[in-house]
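# coords below, sequence missing:
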């Protein structure tokens, strides 16, 4: 075995709002992370775990944690299967995404570790990951990671917490974990599921759920999506995106933006062309946008311009002034005629 410093690990910056004084500076990592690479590592140049294992095999992995500060540091490890986010990027840490129906095993069920570990001040501590592979053999890979985040103590000064808002920076290491048993190549597949109206960041979109039901990555993943009225050829909305990646046995909602337009009820057709570095796919699927969805989403889309009441008011004032001037003009003209008659 050898110890490999995690220079290639990325720290996830999680920004959270807390009620403190209005001044705050970004904190740094209070601990270091080192993986102990085992003999069954497929690529020993990698600093994450990329392991070849056997059915029902048990193995203990070690991550060394180092603390150079003057105080104890408490770490909360979380193990999670890889998912794909809305941007077509693979996430190895905890997310709100539900488990995909095609995922045979959740990584957190196969790997057990401590819920909390304390690294002593100016010291180090080994974190043990106990892996138990499934009894049944499988082709492909199981992908995920372990998130190592420092547990912060709650603020004791409750009076000061109401004086202002500051930004507290929390950092976490994510160590990737990939498990496989065979070298068999898994044929890639892609499926289109639900297509429906929705919103992203309070803006109207049409969400198309794309699923990778296979135990392999879809690399260099591209999507070309168009929306038409059912039975028509005119493209109403479209979206193209390249250089994405899908995690094994995962899904995500691919958004097609309406670019500030309002939803209109009716039946539409989604046309999708997608490809990875090895395969390509085409789909067509009809979907319906209902009246209640139109009302709900159009009312909350921040990019849709509402009625310009100021313009209406200015127009009304112009009409009133014009009407008043006409009234004065004809009144004076009528008065002049009466004076001429008299």
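Structure received. These figures come from a predicted structure and were not determined experimentally.

# just checking, residue 89 touches residue 245?
Yes: counting by C-beta atoms under 8 Å, residue 89 touches residue 245, with 6.7 Å between them. The way it works is simple: take the backbone N, C-alpha and C, and place the C-beta from them, glycine included.

# can I see the domain layout of this protein?
Here the domain parsing of the chain from automatic domain parsing is 2-180, 191-300.

# of the ones you listed, which is nearest residue 317?
Between residue 317 and the domains of the chain, the tightest spacing by C-beta to C-beta is seen for domain 191-300, at 28.9 Å.

# which one of the domains of the chain has the lowest average pLDDT?
Lowest mean pLDDT within the domains of the chain: domain 2-180, at a mean of 82.

# re the thing from before, for residue 324, find the nearest of the domains of the chain.
Judged by C-beta to C-beta, the one of these that comes nearest to residue 324 is domain 191-300, at 37.7 Å.

# what's the end-to-end length of that closest one?
The first and final residues of domain 191-300 sit 31 Å from each other (C-alpha to C-alpha, to the nearest Å).

# mind listing what residue 254 touches?
Residues near residue 254 by C-beta atoms under 8 Å, 6 or more residues apart in numbering: 86, 88, 207-210, 223, 225, 239, 241.

# run the last query once more with 6 Å
Neighbouring residues of residue 254 by C-beta atoms under 6 Å, 6 or more residues apart in numbering: 208, 210, 223.

# how far away is it from residue 81?
20 Å (C-beta to C-beta, to the nearest Å).

# same check, this time on residue 255
From residue 255 to residue 81 the distance is 23 Å (C-beta to C-beta).

# list the buried ones in stretch 57-73?
Judged by neighbour count using 16 or more other C-beta atoms under 10 Å, the buried positions of stretch 57-73 are 59, 61, 63-65, 67, 73.

# the helices in the protein, which residues?
107-110, 291-300, 309-341 (DSSP state H).

# next, the one residue sitting closest to the centre of the chain: phi, psi?
Central residue check for the chain by C-alpha atoms, centre = their mean: the C-alpha nearest the mean position is that of residue 85, 4.1 Å away. With angles defined as degrees, to the nearest 10, residue 85 shows backbone torsions of phi -90, psi 180.

# how close does the closest residue to it other than its chain neighbours get to residue 144?
Of all residues not flanking residue 85 in the chain, residue 91 sits nearest, at 5.3 Å (C-beta to C-beta, 6 or more residues apart in numbering). Distance of residue 91 to residue 144, computed by C-beta to C-beta: 10 Å.

# between the two, point out the one with more neighbours.
residue 144 (29 against 21; other C-beta atoms under 10 Å).

# what sits against the residue nearest to that one when sequence neighbours are not counted?
Closest residue to residue 144 apart from its sequence neighbours, by C-beta to C-beta, 6+ apart: residue 107 at 3.7 Å. If you count contacts by C-beta under 6 Å, 6+ apart, residue 107 has them with 79, 81, 144.

# got TSV for these, with distance to residue 96 too?
Below are the contacts of residue 107 laid out as TSV (distance: C-beta to C-beta, whole Å):
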residue	distance to residue 96
79	16
81	14
144	16
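
# which single one of these is nearest to residue 54?
Nearest member of the contacts of residue 107 to residue 54, counting by C-beta to C-beta, is residue 144, at 19.1 Å.

# how about the contacts made by the closest one?
80-82, 107, 177.

# and for residue 302?
residue 202.

# just the strands in the stretch 151-300 of the chain please.
With DSSP state E, counting those that start in this stretch, the ranges of strands along the stretch 151-300 of the chain come out as 166-180, 191-200, 203-212, 218-229, 235-246, 250-257, 266-275, 280-289.

# distance to residue 126 added to those strands, as a markdown table?
As requested, the strands of the stretch 151-300 of the chain are arranged in a markdown table below (distance: least, C-beta to C-beta, whole Å):
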| stretch | distance to residue 126 |
| --- | --- |
| strand 166-180 | 14 |
| strand 191-200 | 42 |
| strand 203-212 | 35 |
| strand 218-229 | 34 |
| strand 235-246 | 32 |
| strand 250-257 | 31 |
| strand 266-275 | 44 |
| strand 280-289 | 45 |
